[in-house]
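Engineer: Sharing a sequence plus its predicted fold:
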Amino acid sequence: MARALINVPGQARRGEIIEIKTLISHVMETGHRRTEAGAPIARDIIRQFVCTYNGAEVFRADLHPAIAANPFLVFSTVATESGTLTFTWTGDNGFSVTESAAITVS
Amino acid sequence: MRLVGAALFGIVVVAASAPAGEIPLGERRAGYDFMSRETRAMQDDDTANPGMLWVLEGESLWGRKVGAAGRACADCHGDARTSMKGVAARHPAFDAGMGRPVNLEQRINRCRVDRQQAPRLAWEGRELLALAAFVARQSRGMPINRVVDPRMQAFVDAGRATFYRRQGQLNLACSQCHDDHWGRRLAGNVIPQGHPTGYPLYRLEWQGLGSLQRRLRNCMVGMRAEPYEYGGREFVDLEVFLMWRARGMTIDSPAVRP
């Protein structure tokens, strides 16, 4: 079960720079490890994170092996209009999680 | 001359007795106080603290009906925010049925088997950790509460004996690091006093949540002793003593530790 924590300010002034924090639960198995029997452990990581603001992409990150489990991403954007921020994480084994948060811009 | 001799004698006595003592109540410090500013910030912000992922999962498990009885935790205990307040601060607590103390994880599993009639959850499994984290979260900010219970005294003493007993190939006792040398360094890390205020906690080294017993196993492997079984009486007695030793300190679960 994948769970995500998102921190977006609920309200902002137009033109204000807002900080967005996201944290998601994921094992981030590198694919470089082996079991005690020597068999390789398949890679299982989040490959990509995308944040859109009313449909327009404002932040994107490619993730690679050797990024810690439960990736924590902090970034900022400019509050332009009221609406919805959508966050999508996609990865190996068909992993896909989408969350959203509303923001009111005055 | 006689005066100098007496003074020297006094110094020798003080030097010989100083390292063996317990930490005075006023000098106790939680692991939080030894951490870097960045790690503290991570713990303090609920949207940055990875332990909150387990708390959220525990919250959903709390309301899920399981077992032959078809009952959820919430069906008996209601809203955990009120019913579970302070529960983690008083565990391990004496269980009359077993005639000995049980820790929080054992209490959850007792409820699961007896009341929900569901199979017991595995030690260090995701579900048990999630439920324990959710319950412990309700005690955040509360002082560790050790009520005077004469039935517990024998178990406090047993835990204390374990804490001060040298063991393993390195012939070390818990007290040698955590009473005598706290604040100094073991390799690159500061030695904390070993107060269990934040369990279950997210350890950056583990990249996951773990129980106090998992942490104790770490220490035992480090001193090259054979760890006790999860839920073994030695571990629970040691938990009882550690909580007694940290009495009055503030619960900060789910904590983040390096």
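Structural biologist: The structure has been received and is ready for your questions.
Engineer: The residue positioned nearest the centre of chain A: which element?
Structural biologist: Note on chain A: the residue nearest the mean C-alpha position is residue A:49, at 4.6 Å, using Cα atoms, centre = their mean. Under the criterion of DSSP states H and E, residue A:49 resides in strand A:46-53.
Engineer: can you give me the mean pLDDT across the next helix or strand after that strand?
Structural biologist: For strand A:46-53, the following helix or strand on the C-terminal side (DSSP H and E) is strand A:56-62. On average, the pLDDT along strand A:56-62 is 96.
Engineer: what is the orientation angle of strand A:56-62 with strand A:46-53?
Structural biologist: On the basis of axes from the mean of the first three to the mean of the last three Cα atoms, to 10 degrees, strand A:56-62 is oriented at 160 degrees to strand A:46-53.
Engineer: mind saving the C-alpha coords of strand A:56-62 as PDB?
Structural biologist: Taking Å, rounded to 0.1, in the frame of the first residue of the first chain, the C-alpha atoms of strand A:56-62 are listed here in PDB:
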ATOM      1  CA  ALA A  56       0.500  22.700 -16.400                       C
ATOM      2  CA  GLU A  57       3.700  21.000 -15.400                       C
ATOM      3  CA  VAL A  58       5.700  23.000 -12.800                       C
ATOM      4  CA  PHE A  59       8.100  20.400 -11.500                       C
ATOM      5  CA  ARG A  60       9.500  17.000 -12.700                       C
ATOM      6  CA  ALA A  61      12.100  14.700 -11.200                       C
ATOM      7  CA  ASP A  62      13.800  11.600 -12.500                       C
END
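Engineer: That one: which residues count as buried?
Structural biologist: Neighbour-count burial for strand A:56-62 flags A:58, A:59, A:61 (criterion: 16 or more other Cβ atoms under 10 Å in any protein chain shown). (Each C-beta comes from the backbone N, C-alpha and C, glycine too.)
Engineer: Return the list of strands paired to that strand, each annotated with direction.
Structural biologist: strand A:46-53 (antiparallel) (DSSP bridges).
Engineer: can you list contacts of the strand it pairs with?
Structural biologist: A:20, A:22, A:24, A:26, A:28, A:57-63, A:71, A:73, A:75, A:77, A:80, A:83-92, A:95 (Cβ atoms under 8 Å, 6 or more residues apart in numbering or on different chains).
Engineer: any idea how far residue A:25 is from residue B:145?
Structural biologist: 31 Å (Cβ to Cβ, to the nearest Å).
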